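A.B. asks: sequence-free structure coming up:
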């Protein structure tokens, strides 16, 4: 049974048809890259899976259960977490507080009023663990605005991973990073997501080929092809669609 | 760092001593002002739970204060013999119930629409208070007498005495403020802050905006209701002055002037507001104009409120601005 099954998905924004019958499956434990030109609908697909937008038609199944139409927080608690293409962190809070927000949610403590948060040792410990994993421990009290762009990108990922989800959706995690920062992030991702399922939207082909077990090509609202690196590289339709796109030339 | 901790200790102890010895230091009629500051502090802190911590700006918060005020008025007028603590508690509960209804609808809206819908609800409550003479006394309001306070071992204390009532209010306000402060430090308090910081990301981390804000709104309504209840007991009257638009406006002023970014800011703002209003109105009817002018000056030069004067950074910023 696939961990994620997207069946015949359509999304129409008042006449603008962004997704036109997407069929997409993700197997448990795999690293699945989603590539395609800008405007192909990759972020929209993420937004539909995570409940930000309503589907126009079609169904989404996670671990065998239908999640179409559920609200974002419900989907999070089922075990799907996403990161954002544009950095979407908690600006007025420190590194520690940001990650702690995710831990509090993971521990189902969002509505707890019977004890002080600061005194909760378990939350403290888990937050420390994530910070250490991401290499951010020495920046724990720093406000978001004082972090470098690269560090903010890491925070963006940290928030997603801190939820300890079954399925991780990363939306262009290396956007805006230089070559060194990108390599560092990919190395980090490889380590941290070893036994997790990841779907990653990316434009940087080095990242895609370095990380992905399977690749799906989304081309103007439809999946053009799915396969491993070799299959995609040799696929005629994919080559035709990408003709002229320099960064595809491996 | 040690100097800062020392300063906080010194300030806290002086403030506590001042509060406890106040009746010795000022004249009898002035103690009423001090009691006003106490209940307004509760009211403005409850407003700041929504504004400073929740990121919500209700224009109709006075309606909840008024609900507490009138509930106390009606209970005291009709059910003599009801213990005073129970009266205050029930006033808070009733304000909370009304707040739940208002919040249920208003929190579905964002921004200005939220603000205006809460205001619309308040105007409805005001009209109700004005027109329903048999219950609310209409324009005349409801006159009440402060009941005795029965303590298990010490017997009955007469609250008709202003000084006694001041201490009574002081204890209640201190307890409720302490509970509110603690409330904000719980995981739920963190959820509220989190939602205010970045609502979208919060929802993608599993937080529920509507539900969380609804609970906060109910809690803030309860506290406002307790404030209103104390106002009726202080003035020995429940009147339209407790539920009109000025009360809502006062919450915004007190919170902002004191400082919305800190827990005690609104308390400072309430003290300032009450004292300033009393002083101004002794030589002009149009004191609200001056209060408004001060508000504008604060927005321009001291938008973190008076409480930020305790912070060194404020002076650096003001100096540099010139």
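C.D. replies: Ah, there it is. Being a predicted model, the structure only gives us computed values, none of them experimental.
A.B. asks: Every contact and neighbour count from this point should use C-alpha atoms.
C.D. replies: Will do.
A.B. asks: just so I have it, where are all the helices in chain A?
C.D. replies: Using DSSP state H, the helices of chain A run over residues A:42-49, A:72-78, A:95-106, A:121-134, A:149-162, A:179-192, A:205-211, A:229-234, A:236-241.
A.B. asks: Tell me which other helices or strands the second one touches.
C.D. replies: In other words, helix A:72-78. helix B:199-204 (3 or more Cα pairs under 8 Å, 6 or more residues apart in numbering or on different chains; DSSP states H and E).
A.B. asks: Pull the distance from stretch B:127-137 to the chain's centre.
C.D. replies: Here stretch B:127-137 shows a centroid-to-chain-centroid distance of 24 Å under the convention Cα atoms, centre = their mean, to the nearest Å.
A.B. asks: For it, the averaged confidence score.
C.D. replies: In this model, stretch B:127-137 has an average pLDDT of 95.
A.B. asks: one step back: now mean neighbour count, distance to residue B:125 and mean pLDDT too, for the helices of chain A, in JSON lines please.
C.D. replies: Formatted as JSON lines, these follow (neighbours: other Cα atoms under 10 Å in any protein chain shown; distance: least, Cα to Cα, whole Å; pLDDT from 0 to 100):
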{"stretch": "helix A:42-49", "mean neighbour count": "21", "distance to residue B:125": "42", "mean pLDDT": "92"}
{"stretch": "helix A:72-78", "mean neighbour count": "22", "distance to residue B:125": "35", "mean pLDDT": "94"}
{"stretch": "helix A:95-106", "mean neighbour count": "25", "distance to residue B:125": "38", "mean pLDDT": "95"}
{"stretch": "helix A:121-134", "mean neighbour count": "17", "distance to residue B:125": "44", "mean pLDDT": "92"}
{"stretch": "helix A:149-162", "mean neighbour count": "22", "distance to residue B:125": "44", "mean pLDDT": "91"}
{"stretch": "helix A:179-192", "mean neighbour count": "15", "distance to residue B:125": "56", "mean pLDDT": "88"}
{"stretch": "helix A:205-211", "mean neighbour count": "17", "distance to residue B:125": "61", "mean pLDDT": "86"}
{"stretch": "helix A:229-234", "mean neighbour count": "14", "distance to residue B:125": "67", "mean pLDDT": "86"}
{"stretch": "helix A:236-241", "mean neighbour count": "14", "distance to residue B:125": "65", "mean pLDDT": "80"}
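A.B. asks: any idea how far residue A:46 lies from chain B?
C.D. replies: Distance, residue A:46 to chain B, by Cα to the nearest Cα, to the nearest Å: 12 Å.
A.B. asks: in the longest helix seen in chain B, what counts as buried?
C.D. replies: Longest helix of chain B, by residue count under DSSP H: helix B:209-235. Across helix B:209-235, burial judged by 16 or more other Cα atoms under 10 Å in any protein chain shown covers B:209, B:212-235.
A.B. asks: how far is it from where the chain is centred?
C.D. replies: On Cα atoms, centre = their mean, the centre of helix B:209-235 falls 8 Å from that of its chain.
A.B. asks: For chain A, what's its nearest residue on chain B.
C.D. replies: Per Cα to the nearest Cα, residue B:206 is where chain B lies closest to chain A, at 3.9 Å.
A.B. asks: check contacts around that residue.
C.D. replies: By Cα atoms under 8 Å, 6 or more residues apart in numbering or on different chains, the contact list for residue B:206 reads A:72-77, A:105-106.
A.B. asks: give me the subset of the buried residues of helix B:209-235 touching chain A.
C.D. replies: residue B:212 (Cα under 8 Å from any Cα of the partner chain).
A.B. asks: who in chain A is up against chain B?
C.D. replies: Residues of chain A lying near chain B (Cα under 8 Å from any Cα): A:50, A:72-77, A:81-82, A:88-92, A:101-102, A:104-106, A:109-118, A:159-160, A:163.
A.B. asks: hang on, the earlier thing: check which helices and strands the longest helix of chain B sits against.
C.D. replies: helix B:30-48, helix B:61-78, helix B:84-106, helix B:162-184, helix B:187-197.
A.B. asks: hmm, who's touching stretch B:149-161?
C.D. replies: By Cα under 8 Å, 6+ apart, stretch B:149-161 touches B:83-84, B:145-148, B:164-165.
A.B. asks: Among those, name the buried ones.
C.D. replies: Using 16+ other Cα under 10 Å, the buried members of these are B:84, B:145-148, B:165.
A.B. asks: Same list, the residues you listed, but as a markdown table with pLDDT please.
C.D. replies: Shown next, in a markdown table, are those (pLDDT from 0 to 100):
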| residue | pLDDT |
| --- | --- |
| B:84 | 94 |
| B:145 | 92 |
| B:146 | 92 |
| B:147 | 91 |
| B:148 | 90 |
| B:165 | 94 |
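A.B. asks: Need the residues you listed in CSV (columns: distance to chain A).
C.D. replies: Shown next, in CSV, are these (distance: Cα to the nearest Cα, whole Å):
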residue, distance to chain A
B:84, 27
B:145, 37
B:146, 34
B:147, 34
B:148, 33
B:165, 31
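A.B. asks: Alright, I will stop here.
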